[in-house]
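Enquirer: no sequence for this one, just the structure:
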């Protein structure tokens, strides 16, 4: 029996080394490499707050349905909305229960009929994202009413209050993801990777490479400055209420980082919070507190693989689909999870749908009018809680 196990392990090692049939998730990425990510002690992650009542299962997912992959949520200066960027490459606006969703803007100058074809899921649109665009982060300039957009393929763009085709501002990004705007009109935004496009985000998660950046765009001089480089999957970004700093999420590291804009620490970065899962967008409320969307919890396997890149590479060379491996990373199922932090980085509240029965894969949570508005790149609704 022991000899049989040795033979099986040996065959697996040979298969992983050669990947002869090219069935692995990284078969078509010849330059793929795995990287080490330092994590906090497991005891810290396993003791993280739990919402035992799974309160997100009480969310309303019927009112704002009908659009696939509403990643980000924004309201204009006239309080209309929400506006959201969806999987077909357009930005739509909610005009109330009688009118429903209406087309507001789009990011790609190359849109064709293929972009308007209806799909059965948000993932069905991924194949043509590079043609149709994929608007992710959205923010309104409250003074001008202009909507600024981080599109995964077309970079940083802006569109006026009347909507239509957005105007490119910065197209030197490879995976623009999220943004925020200060009182002077400066735009801070993330570029998640210099190697992987959004359609290959799963390979980016598996790799844990650190070519991501956080940048600043000055609309007056048109200058773009890199503020932070060598970041592992920088994702959501949000200014503090007093604009003394901004926070950004590092998805694969499970961290919220803080970049100081004012004071003695200006120009430096420190850890704002460590999370038990994969954070996405982050938004501030009227009290200056931060809501962060989290894609499920780490399990023991994901925790172990983060610090063992060679083992991770071995598993990725096996003929197990990217989808199955990714689901394994996030605990075997998609969950719903959002957390609220104080301006100082103290955890204040956690809301979950631990089984993912109603809310799952939350990409952003916006607090407005006493409600939480939650988007997801995977669902066909914005959830209300």
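Expert: That came in fine, so what should we check first? In this text the structure is predicted, and so the values were computed from the model without any measurement. Numbers count the residues shown, from 1 in each chain.
Enquirer: Excluding residues flanking it in the chain, which one is nearest residue 46?
Expert: residue 276 (7.9 Å; Cβ to Cβ, 6 or more residues apart in numbering). Backbone N, C-alpha and C define where each C-beta goes, glycine included.
Enquirer: residues contacting the one you found?
Expert: By Cβ atoms under 8 Å, 6 or more residues apart in numbering, the contact list for residue 276 reads 45, 46, 48, 254, 294, 297, 298.
Enquirer: State the pair within the residues you listed that is farthest apart.
Expert: Maximum pairwise distance in those, criterion Cβ to Cβ, is 15.2 Å, between 46 and 294.
Enquirer: Now do the same contact list for residue 139.
Expert: For residue 139, the contacting residues are 74, 147, 148, 179, 180, 181, 187, by Cβ under 8 Å, 6+ apart.
Enquirer: which residues of the stretch 201-350 of the chain fall in strands?
Expert: Listed in chain order, the strands of the stretch 201-350 of the chain (DSSP state E, counting those that start in this stretch) span 212-217, 224-231, 234-239, 245-250, 255-260, 269-274, 277-284, 290-297, 336-341, 347-353.
Enquirer: Then the stretch 1-150 of the chain?
Expert: Under DSSP E, counting those that start in this stretch, the stretch 1-150 of the chain gives strands at 60-65, 83-85, 90-94, 101-106, 135-140, 147-151.
Enquirer: Make TSV from those strands and add mean pLDDT and distance to residue 280 to it.
Expert: Shown next, in TSV, are these (pLDDT from 0 to 100; distance: least, Cβ to Cβ, whole Å):
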stretch	mean pLDDT	distance to residue 280
strand 60-65	95	18
strand 83-85	98	14
strand 90-94	98	18
strand 101-106	98	22
strand 135-140	98	10
strand 147-151	98	13
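Enquirer: between the strands of the stretch 201-350 of the chain, which one is nearest to residue 29?
Expert: Using Cβ to Cβ, the strands of the stretch 201-350 of the chain put strand 212-217 closest to residue 29, at 17.3 Å.
Enquirer: mean confidence for that closest one?
Expert: What strand 212-217 shows for mean pLDDT is 98.
Enquirer: Partner strands of that strand and their direction?
Expert: strand 187-191 (antiparallel), strand 224-231 (antiparallel) (DSSP bridges).
Enquirer: Quick check: mean pLDDT of the first one?
Expert: Which is strand 187-191. For strand 187-191, mean pLDDT rounds to 98.
Enquirer: just how off-centre is it within its chain?
Expert: Chain-centre distance of strand 187-191: 13 Å, with Cα atoms, centre = their mean, to the nearest Å.
Enquirer: what angle do that strand and strand 135-140 make?
Expert: Following axes from the mean of the first three to the mean of the last three Cα atoms, to 10 degrees, one obtains 170 degrees for the angle between strand 187-191 and strand 135-140.
Enquirer: Might you report the residue contacts of residue 158?
Expert: With contacts defined as Cβ under 8 Å, 6+ apart, the neighbours of residue 158 are 146, 147, 148, 149, 166, 167, 169.
Enquirer: Quick check: ChimeraX command selecting the buried ones in those residues.
Expert: Buried residues within the contacts of residue 158, by 16 or more other Cβ atoms under 10 Å, are selected in ChimeraX with:
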select :146,147,148,149,166,169
